[in-house]
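1. got a sequence here, can you build the structure:
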Amino acid sequence: YYLPHVADGNFGSVSFRTTFILFNNTDASVVAILKLTDDTGNPLTVTIGGLGSGSQFTINLAAGATSILQTDGSGSQAVGAATVTATAAIGVSAIFTVYDASGNYMTEAGVGNSSPTTEVVLPVDSTGNFLTGLGLFNPGSSDASITMTLYNTSGSQVDRTTQSLGHGAHRAVFVAAAGQLFPTVSNFRGTLVVQSSVPIAALVLRQYQTSTQLTYTSLPTVPRSSTKLTLNLAHVANGNYGSISFKTSFLIFNISASQANVALVLTKDDGSPFTTTIPGTGTN
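-> Numbering: from 1, shown residues only. Prediction:
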């Protein structure tokens, strides 16, 4: 199991911690090994309560057991990736959490297992206070040559770059921002196609930041080889609830070489039509 991005420690006025969640849904005991590596593929040392400091941890999971492990966020910021191996199939995920200088919770995002592949597509939104970040992890034994091509919402190519990622290495970068992957691109929406010479794991993080607020949302990448024609989103929300309101953003992008005609169907809890208003498309 590959978690393409983990972070721990202090960075400016905030600190990062990563929570690892491992659960055994089998009827037998399982031994799992959690291994952390930094950007260069070398051991990434963290401290986890109850397990001490290290870059590799052995977790014994009884039948049906769950283990929730969080790094303590001490020291300077360190980033990298995690690999989990187990003696039987288990569930693996992580939570990337940000705290302020006083230790108060600010925001978090889930990090799911990412199966390595050679070509993925991801949505990019770098408009207003939003930035899209990309985490890449090369878990193999060979260096990766990675070509990243940026397309706008019309499907036209905007820019392209080719970079290398060493075996065992990790990289986290914003897609469109000064000093980042495409430094001259701003106020941009579209997609990024990532093509690698060897299978790599990938994750998308969508950042929203103002002078008083910071939030993260994680999004999965989509394998270019996917042939799914029906996709289900298990939860959407719209409207006012007490003093707050909800909106749902749908990011729909075409990964194929042919035109796609898309029907978006919303239903309520009971399966009846869920009428909403989407600006630019009307009410339905």
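
2. next one, pLDDT for the nearest residue to Asn113 once chain neighbours are set aside please.
-> Once flanking residues are discounted, Asn113 sits nearest to Tyr1: 4.5 Å by Cβ to Cβ, 6 or more residues apart in numbering. (C-beta placed from N, C-alpha, C; glycine too.) pLDDT for Tyr1: 98.

3. the one 10 residues further on too?
-> The model reports Phe11 with a pLDDT of 88.

4. contacting residues around the closest residue in space to it that isn't next to it in sequence?
-> Distances taken as Cβ to Cβ, 6+ apart put Gln77 closest to Phe11, at 3.9 Å, once the chain neighbours are dropped. For Gln77, the contact set (Cβ atoms under 8 Å, 6 or more residues apart in numbering) comprises 7-11, 15-16.

5. run the last query once more with 7 Å
-> Counting by Cβ atoms under 7 Å, 6 or more residues apart in numbering, Gln77 touches 7, 9-11, 16.

6. sorry, back to before: any idea how far the residue nearest to Asn113 is from Ser218?
-> 16 Å (Cβ to Cβ, to the nearest Å).

7. cool, and Ala169?
-> Distance from Ala169 to Ser218, by Cβ to Cβ: 21 Å.

8. more neighbours: these two, which one.
-> Ala169 (22 against 19; other Cβ atoms under 10 Å).

9. what's the first helix or strand after the top strand by length along the chain?
-> When the chain is parsed with DSSP state E, its longest strand is strand 188-209. Going down the chain from strand 188-209, the next helix or strand is strand 214-219, by DSSP states H and E.

10. what's that next one packed up against?
-> Secondary-structure packing of strand 214-219 (3 or more Cβ pairs under 7 Å, 6 or more residues apart in numbering; DSSP states H and E): strand 105-112, strand 188-209.

11. most neighbours per residue, which of those strands?
-> strand 188-209 (a mean of 20; mean count of other Cβ atoms under 10 Å).

12. partners of that strand in the sheet?
-> Paired neighbours of strand 188-209 in the sheet (DSSP bridges): strand 117-126 (antiparallel), strand 130-137 (antiparallel), strand 144-152 (antiparallel), strand 214-219 (antiparallel).

13. what angle separates it from strand 105-112?
-> Per axes from the mean of the first three to the mean of the last three Cα atoms, to 10 degrees, the angle that strand 188-209 makes with strand 105-112 is 130 degrees.

14. what subset of the contacts of Gln77 is buried?
-> 7, 9-10, 16 (16 or more other Cβ atoms under 10 Å).

15. dump those into JSON lines; add distance to Gly280 and secondary structure as well.
-> JSON lines is the format used below for the buried ones among the contacts of Gln77 (distance: Cβ to Cβ, whole Å; DSSP: H, G, I helix; E, B strand; the rest coil):
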{"residue": "Ala7", "distance to Gly280": "36", "secondary structure": "strand"}
{"residue": "Gly9", "distance to Gly280": "43", "secondary structure": "strand"}
{"residue": "Asn10", "distance to Gly280": "43", "secondary structure": "strand"}
{"residue": "Phe16", "distance to Gly280": "37", "secondary structure": "strand"}
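
16. could I get these as JSON lines with distance to Ser186?
-> Below are the buried ones among the contacts of Gln77 laid out as JSON lines (distance: Cβ to Cβ, whole Å):
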{"residue": "Ala7", "distance to Ser186": "25"}
{"residue": "Gly9", "distance to Ser186": "29"}
{"residue": "Asn10", "distance to Ser186": "29"}
{"residue": "Phe16", "distance to Ser186": "26"}
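
17. for the residues you listed, which two are the farthest from each other?
-> Ala7 and Asn10 (10.7 Å; Cβ to Cβ).

18. where does Ala177 land on pLDDT?
-> 90.

19. okay, now it: neighbour count?
-> That count, for Ala177 with other Cβ under 10 Å as the rule, works out to 18.

20. ok, it to Gly168 distance?
-> Per Cβ to Cβ, Ala177 is found 27 Å from Gly168.

21. cool, and Leu181?
-> 21 Å.
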